[in-house]
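**Q** this one's sequence-less:
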């Protein structure tokens, strides 16, 4: 089992304009225990975008199960640096990959997240709308797309940011979006695996932080399986 989620903290890099996590501790007089109130944006850390994020009247987090399992997930290497719009020409796919139901895009931005989190949040590779349409044509069973960047969209490309989200989310069979994934483990690339996504919150929300896990097949080098 390989964890794919980053811990959330007040230092978590966020898409520009997203409010950071705030903590408010309280201890009532006479009580021995304390509690902490969290104020957290739903698109913080490793998180899931669902249709109502961009599609009025679309399904919310509550319309999906609290345990999402996709048995045919694929992680592909698409090395790219900040500000690069991804295209189909940049992708080399293994045989029979069109059967995948989840596609995770590994650009290598995990290095930047660790070394320069501000740049990671502000200038990163992103999905062009044409690339999203290419994915939909190539993967007819696609249910989820993920990326190791703070978003599938770039903050400096507003119209394209909206279009790439609506292309994936606002369709009869929506393709959910995972953002800010930890895809640093090289064992993810090379074959299919089972992707498990556990929403942190299960309510009428447009997104939620998640715990995402990859279960690799036996013999793949994953010692935990």
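**A** Happy to help now that I have it. Just so we're clear, the structure is a prediction, and the values are computed from it rather than from any experiment.
**Q** counting contacts, what elements does the helix or strand of the chain with the lowest mean pLDDT pack onto?
**A** Ranking every helix and strand in the chain by mean pLDDT, DSSP states H and E puts strand 22-26 at the bottom, with a mean of 91. Judged by 3 or more Cβ pairs under 8 Å, 6 or more residues apart in numbering; DSSP states H and E, the packing partners of strand 22-26 are strand 35-39. Where C-beta positions appear, they are placed from N, C-alpha and C, glycine not excepted.
**Q** which is the next helix or strand following the strand it packs on?
**A** strand 47-49 (DSSP states H and E).
**Q** number of nearby residues for residue 166?
**A** For residue 166, the neighbour count with other Cβ atoms under 10 Å is 17.
**Q** same thing with residue 69?
**A** Using other Cβ under 10 Å as the criterion, residue 69 is surrounded by 13 other residues.
**Q** likewise the one 4 residues further on?
**A** If you count neighbours by other Cβ under 10 Å, residue 73 ends up with 24.
**Q** next SSE after the helix or strand encompassing it?
**A** For residue 73, the element it lies in under DSSP H and E is strand 68-77. Going down the chain from strand 68-77, the next helix or strand is strand 85-86, by DSSP H and E.
**Q** start and end of stretch 120-134, how far apart?
**A** When the termini of stretch 120-134 are compared using Cα to Cα, to the nearest Å, they are 25 Å apart.
**Q** can you check stretch 164-174 too?
**A** According to Cα to Cα, stretch 164-174 extends 12 Å from its N-terminal end residue to its C-terminal end residue.
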